[in-house]
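Asker: I'd like to go over a predicted model; first the sequence, then the structure.
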Amino acid sequence: MHESIKVYQQIAPAALDDAKALLAKFRIYLPDHPGSLAEFASAIAQAKGNISFFHYDRATDSSCVAVNIQIDTDHNLQTLLTTLTEKHYRFESDRTAEHEVMVTTVESILEVKVRLTNTPGALAAFARLLAGHAANVTYMLYDEDIDAESADIAMATENPGEIDVLLKAINEQGYHYRVVYRGSNEAEAANIIGLKMVEKFFLRLKRLLPSSDLKEIQTLVESSRDLYQDLVQFYTEAGNNLEAADVFETVLTFASRSRSHTRDKFSATAMQLLRFHDRVTLQGFRLPTSENIYILNDGKELAMIDAGHGIYYEDLKRLLKKNGMDPSKVRRIYVTHPDTDHVGSSGYFEQEFGTQVFMHSGSMDVMTHMNRAHGAAGSLNNLNKYYTRLSNRFTECLFPKHPIYFPEQGMNRAGSFRILTTFSFGPLTFEVLESLGGHTPGLVFFLNREFGLLFTSDYLLNVTSLSAEEKEHLAIYRYLLTSPNRDSRIYKQESTALKDLMVSLEPELKITGKQGYIFPGHGDHYPVDPAVV
């Protein structure tokens, strides 16, 4: 007998004939498909066993059933165990198929409280009725000590229309029951018992992405389910009160938000147009998920600073055309750092128009290892790897195939930062400043001294200009139990150093009557005020 099976002597219930009966307690793992419960319960009935406790919650484990069986003789118990073994039931966990999505609509979900006689075979008969309508049990609780003739059963049919047919059949066979839940709204999915986590995510995405087809949403969930165990491990390491499900759902919500703002739902906030030397304009746009792109335009060529999520690529081209700019004239993209909201569409521009994409060589590690915190220490930073992979997939990030890395032999400095190289756009010259590594590897800033223009990436953000939704989007890491920064201590030092750099430029700018500007990665650009910067 398997070591996990516990057998006790007890006084026989009235349903059994012998003066003594055996009580067998064990866990068993059933296939997650319609008819599985019927087959298992029938095997118990054939061995003259009576179920006194049965618990199955597919949301917790899609295969595990905890069961107590009263059976009259040791011979019948051995016969039952032999049958279960021959049918290849397992007494140990195997989670290989745990995260498969089978329930894709709440309309196919039904939960009932049904009256069953407390006799061998009663559950098997009801389970066979469910199997006859291809209803897969997702949850069941029966406890003889609480109510000997009542079971709470939740199920999902393959076709939502089958629910009415099944209820009619239950009526016709004389069962007394009460409907506890009948699915009608995806918003309630989080509270439906028996749904696997990935199915709840599927239904949530279906609500978040109403314009997407089921196949697309299925593909997104399939690409994310492999991360589940990693996130559970992260939750364990974090030791926080948040459930692993909360962490995973937050990542999915964040990663999918961009997908709900495309096409006719896409909008971009245009910032004040700035003009330099009468022939170069600088136009900033804030995209739906708060990240900025900046367009330099001299009438002949366009250069973009950062590129937004890949999912916005077609929307970006329409945005440029709407503002009188030809997307094919985006000849250069300068990337501040390789997070998906800053690099995501750059590969598409390279692919379609041959656009050159410039970035720091440290970006290579992030792109190769798919980890925005590559090289950082600490177990909590491991979540950044999972977050990077998932968010890149959901936002359709396309890294450039042939990035041009900034040379790194520069020895001059701008305040605390090393100047790697310079680049020009028309009469404007920009210095490429190397970050100290506080936010992500491969991050740079761009500085034009003549007009005091500093592109700060994800530093010195103009949070006050953001909407409540945009602020929530940026606050993702608060819910992920980690930090957006590779090293928060260095990040703070860099923020101070950037402020000091801008203040140091003010005296010379004041002489020429110019006003310095900070161009953050999120929020509107803003003029430098030495008193508050």
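Answerer: Now that the structure is in, tell me what you want to look at.
Asker: C-alpha only now, for contacts and for neighbours.
Answerer: Noted.
Asker: for the stretch 1-150 of the chain, which segments count as strands?
Answerer: Here the stretch 1-150 of the chain has its strands, by DSSP state E, counting those that start in this stretch, at 6-11, 20-29, 50-57, 64-71, 109-115, 135-143, 150-157.
Asker: lowest average pLDDT across those?
Answerer: Of all the strands of the stretch 1-150 of the chain, mean pLDDT reaches its minimum on strand 6-11 (a mean of 76).
Asker: could I get the strands of the stretch 1-150 of the chain as JSON lines with mean neighbour count?
Answerer: Formatted as JSON lines, these follow (neighbours: other Cα atoms under 10 Å):
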{"stretch": "strand 6-11", "mean neighbour count": "13"}
{"stretch": "strand 20-29", "mean neighbour count": "19"}
{"stretch": "strand 50-57", "mean neighbour count": "22"}
{"stretch": "strand 64-71", "mean neighbour count": "22"}
{"stretch": "strand 109-115", "mean neighbour count": "21"}
{"stretch": "strand 135-143", "mean neighbour count": "23"}
{"stretch": "strand 150-157", "mean neighbour count": "24"}
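Asker: quick check: which of the ones you listed is nearest to residue 299?
Answerer: strand 109-115 (59.0 Å; Cα to Cα).
Asker: which residues touch the closest one?
Answerer: 149-157, 160, 163, 175-183 (Cα atoms under 8 Å, 6 or more residues apart in numbering).
Asker: let's go with 7 Å and repeat that
Answerer: 149-157, 175-183 (Cα atoms under 7 Å, 6 or more residues apart in numbering).
Asker: same thing with stretch 157-172?
Answerer: Contacts of stretch 157-172 (Cα under 7 Å, 6+ apart): 107-109, 133-136.
Asker: nearest to residue 257 among these?
Answerer: Closest to residue 257, out of all of the contacts of stretch 157-172 and judged by Cα to Cα, is residue 107, at 24.6 Å.
Asker: my guess is that closest one meets residue 181, correct?
Answerer: No: the pair residue 107 / residue 181 is not scored as a contact, 10.4 Å apart, by Cα atoms under 7 Å.
Asker: of the two, who's got more company?
Answerer: Per other Cα atoms under 10 Å, whichever of residue 107 and residue 181 has more neighbours is residue 107, with 18 against 14.
Asker: so who does the more buried one touch?
Answerer: Counting by Cα under 7 Å, 6+ apart, residue 107 has contacts 160, 183-184.
Asker: reformat the strands of the stretch 1-150 of the chain as a markdown table; add distance to residue 424.
Answerer: What follows is these, written out as a markdown table (distance: least, Cα to Cα, whole Å):
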| stretch | distance to residue 424 |
| --- | --- |
| strand 6-11 | 78 |
| strand 20-29 | 66 |
| strand 50-57 | 63 |
| strand 64-71 | 64 |
| strand 109-115 | 61 |
| strand 135-143 | 63 |
| strand 150-157 | 62 |
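Asker: tell me which of those sits nearest to residue 326.
Answerer: Of all these, strand 109-115 comes closest under Cα to Cα, at 50.4 Å.
Asker: let me know the angle separating the closest one from strand 150-157.
Answerer: Strand 109-115 runs at 150 degrees relative to strand 150-157, counting by axes from the mean of the first three to the mean of the last three Cα atoms, to 10 degrees.
Asker: what's the offset of strand 109-115 from the middle of its chain?
Answerer: 32 Å (Cα atoms, centre = their mean, to the nearest Å).
Asker: that older thread, buried among the contacts of residue 107? Need that as a selection in ChimeraX.
Answerer: Command for ChimeraX that selects the buried part of these, burial taken from 16 or more other Cα atoms under 10 Å:
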select :160,183
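Asker: by pLDDT, give me the weakest of the contacts of residue 107.
Answerer: At the low end of pLDDT for these is residue 184, which has 75.
Asker: grab the nearest non-local neighbour of it.
Answerer: With Cα to Cα, 6 or more residues apart in numbering as the criterion, residue 184 has its nearest non-adjacent residue at 5.3 Å, and that residue is residue 107.
Asker: how much space between that neighbour and residue 164?
Answerer: 11 Å (Cα to Cα, to the nearest Å).
Asker: what's the answer for residue 384, then?
Answerer: On the measure of Cα to Cα, residue 384 and residue 164 end up 46 Å apart.
Asker: neighbour count for those two, which is higher?
Answerer: The neighbour count for residue 384 versus residue 164, taken as other Cα under 10 Å, is higher for residue 384 (23 against 10).
Asker: so that one makes contact with residue 373?
Answerer: Yes: the pair residue 384 and residue 373 passes the contact test of Cα under 7 Å, sitting 6.0 Å apart.
Asker: show me where pLDDT drops low in the stretch 151-300 of the chain?
Answerer: Residues of the stretch 151-300 of the chain meeting the criterion pLDDT under 70: 185-190, 208, 223-252, 254-255.
Asker: now the strands for it?
Answerer: Counting by DSSP E, counting those that start in this stretch, the strands of the stretch 151-300 of the chain are 177-182, 269-270, 274-276, 280-286, 292-297.
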